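> mind looking at a prediction? Sequence and model below.
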Amino acid sequence: MRIKMTTRKYNFSAGPALLPEPVLEEAKENLLSLGETGVGVMEHSHRGAAFQEVYTETITRCRELAEISDDYSILFLAGGASTQFYSIPMNFLGEGLTADYIDTGTWSKKAIVEAKRFGNVHVAATSEETNFNCIPTDISYSATPRYVHYTSNNTIVGTQFKTEPTVPKGTPLLCDASSDVFSCPID
């Protein structure tokens, strides 16, 4: 039995990984013509029926993959995690208010820096003393946090929350899940 070797290169760095060739082929076809429309997916009007079908199917697949109930809306935003680091406090924090952050390394530190531009930040937990080689378990929340923010997966040192942190009743829990979204159900 002969095993066919691929000439494709593998990317083992954090972020994008090798995609199956059939997925790439389908993407290539739809870039040139979405289905039988004769117009590429990126050229369609976002108000047109063809694009709305893509949008609706994407929402449906996201709900199925992450087990997201209809109780929640799905919002697609440009910019990635770094944009969210300032968008979250800009919209939810405000002067004189306090947000609690669980510090697990590089990405949460970046989020903390941005949040300080908009209000008070309380670091409720950190694993900095062990070079972020674990998820902190000793969490001390402020009296009335506007929200609690955590980064679910620290790609730099390889730590990941296995369950969501428990937060004070009525406090929104916000998560940077940009590196592990769809790896588990979202509640």
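That came through fine.
> what's the burial count for the closest residue to residue 10 other than its chain neighbours?
The shortest distance from residue 10 to any residue that is not its chain neighbour, by Cβ to Cβ, 6 or more residues apart in numbering, is 5.3 Å, and that residue is residue 18. No exception for glycine: its C-beta is placed from N, CA and C like everyone else's. A count of nearby residues for residue 18, using other Cβ atoms under 10 Å, gives 12.
> ok, residue 18 to residue 104 distance?
When Cβ to Cβ, to the nearest Å is applied, the distance between residue 18 and residue 104 equals 27 Å.
> please parse this protein into its domains.
21-66, 80-176 (automatic domain parsing).
> identify the residues contacting residue 168.
141, 144-145, 148 (Cβ atoms under 8 Å, 6 or more residues apart in numbering).
> which one of the residues you listed sits in the busiest neighbourhood?
With neighbours set by other Cβ under 10 Å, the maximum within those is found at residue 148, which has 25 neighbours.
> per-residue pLDDT, it?
If you check residue 148, the pLDDT there is 98.
> kindly report the same for residue 2.
The predicted structure scores residue 2 at 62 on the pLDDT scale.
> in strands, which of the contacts of residue 168 appear?
Restricting the contacts of residue 168 to those inside strands, with DSSP state E as the criterion, leaves residue 148.
> number of nearby residues for residue 69?
Using other Cβ under 10 Å: residue 69 sits among 8 other residues.
> on the three-state scheme, it is what?
coil (DSSP: H, G, I helix; E, B strand; the rest coil).
> for residue 93, the count of nearby residues, please.
Residue 93 is surrounded by 23 other residues when neighbours are defined as other Cβ under 10 Å.
> no further questions, thank you.
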